[in-house]
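A.B. asks: what follows is a predicted structure for the sequence shown.
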Amino acid sequence: MGSSGEPPPSPRLVAALEAESFTTARLVLRSGGFEAAAPIEVVNPPRRRLTENPGVNQTINRRHDDDTSALSRARLLEQRNETALTLPNGTRVSISFQRSFAPAAPRTNARGLTVDRADFKRLGSTPAGSVVLLTEAPVPRMRTEVPLRFGKTAIATGNQVVGFPGAYGLWLKRVSNGWRLVFNNEPDAWGSQHNAKFDAAEIDLAHSDGHDATRPFAVNLIPQSVDRGRLEILWGPHEWTANFSVAN
């Protein structure tokens, strides 16, 4: 499946929560040829700083086999948002990306990859053949427990360690006739440190620019059926999309 065209209707119920702005989203339900959607307003709770220390200058003793995955995930979500797609068999595809925060007061700036920051202002001047650089954030990080296919391009698991999920850094790239998405084997690179020798694959992106001009940078993984989905990147009025399927 390429970056355009709609997938066939799914015989199963498919649910998606699609972010649209700082405070709005859509809950979408699809089954067969039917689709229903409801708007959601997101109310952000007070942001709390995670700490595992019970008191000042008190240490925590851990064994080598202690499970700290929940703590690591909580720390990740302090700084990044995450979009995820879970397949019927429980396998998962996810993308984490820099969190952005609306201004705390009318005269203060937003933080993160928002449209009033320098990274967005440089977007339009990115020359053809170059990736979009981010000076205030790491690149989005994709983790996939299943091999994926974007059109004829395969995105494999095990690119870091054989037998483990795939992990990639995602880079927007401007080309003469539009936009592409680069999958890079350095998933934890800073957004200004692209190394082309680690590029693993590129795919074409569909692009449109008539959307809400205030949207911060965000990524959505949207299920279309039990084995197909759409990757969606949002930033201000821009929207880049590509359809994908689970590779057999």
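C.D. replies: Sure, I can see it.
A.B. asks: going forward, measure contacts and count neighbours with C-alpha atoms only.
C.D. replies: Will do.
A.B. asks: shaky segments in the protein?
C.D. replies: By pLDDT under 70, the low-scoring segments of the chain are 1-11, 22, 44-60, 62, 64-77, 102-110.
A.B. asks: can you pull out the strands in the protein?
C.D. replies: 10-19, 24-32, 34-41, 80-86, 92-98, 141-144, 148-150, 153-155, 166-175, 178-184, 199-208, 218-223, 228-235, 238-246 (DSSP state E).
A.B. asks: can I get the ones you listed in TSV including mean neighbour count and distance to D119?
C.D. replies: TSV is the format used below for these (neighbours: other CA atoms under 10 Å; distance: least, CA to CA, whole Å):
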stretch	mean neighbour count	distance to D119
strand 10-19	17	21
strand 24-32	16	23
strand 34-41	12	27
strand 80-86	18	17
strand 92-98	21	13
strand 141-144	21	18
strand 148-150	21	27
strand 153-155	19	28
strand 166-175	23	13
strand 178-184	20	17
strand 199-208	18	19
strand 218-223	24	14
strand 228-235	21	11
strand 238-246	21	14
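A.B. asks: tell me which of those sits nearest to V115.
C.D. replies: With respect to V115, and counting by CA to CA, the nearest of the strands of the chain is strand 228-235 at 7.5 Å.
A.B. asks: who touches that closest one?
C.D. replies: Contacts to strand 228-235, defined as CA atoms under 8 Å, 6 or more residues apart in numbering, come from residues 7, 114-115, 120, 213, 215-224, 239-246.
A.B. asks: what angle separates that strand from strand 218-223?
C.D. replies: If you take axes from the mean of the first three to the mean of the last three CA atoms, to 10 degrees, strand 228-235 sits at 170 degrees to strand 218-223.
A.B. asks: could you tell me the end-to-end distance of stretch 182-190?
C.D. replies: End-to-end distance for stretch 182-190, by CA to CA, to the nearest Å: 15 Å.
A.B. asks: what about that stretch, distance to the chain center?
C.D. replies: 13 Å (CA atoms, centre = their mean, to the nearest Å).
A.B. asks: so what touches that stretch?
C.D. replies: Contact partners of stretch 182-190, identified using CA under 8 Å, 6+ apart, comprise 134-135, 137-142, 159-160, 167-173, 196, 198-203.
A.B. asks: could you do stretch 151-159 as well?
C.D. replies: Residues outside stretch 151-159 that contact it (CA under 8 Å, 6+ apart): 1-3, 144-149, 163-167, 185, 201-203, 243-244, 247.
A.B. asks: how close does T86 sit to A15?
C.D. replies: T86 is 10 Å from A15, by CA to CA.
A.B. asks: let me fix that: L221
C.D. replies: 11 Å.
A.B. asks: the spatially closest residue to D119 that is not a sequence neighbour: how many residues sit nearby?
C.D. replies: Nearest residue to D119, sequence neighbours excluded (CA to CA, 6 or more residues apart in numbering): L134, at 5.7 Å. Using other CA atoms under 10 Å, L134 has 20 neighbouring residues.
A.B. asks: quote the end-to-end distance of stretch 81-91.
C.D. replies: Using CA to CA, the end-to-end distance of stretch 81-91 comes to 20 Å.
A.B. asks: use 440 as the first number for this chain going forward.
C.D. replies: Renumbered: residue one is now 440, and that last one reads stretch 520-530.
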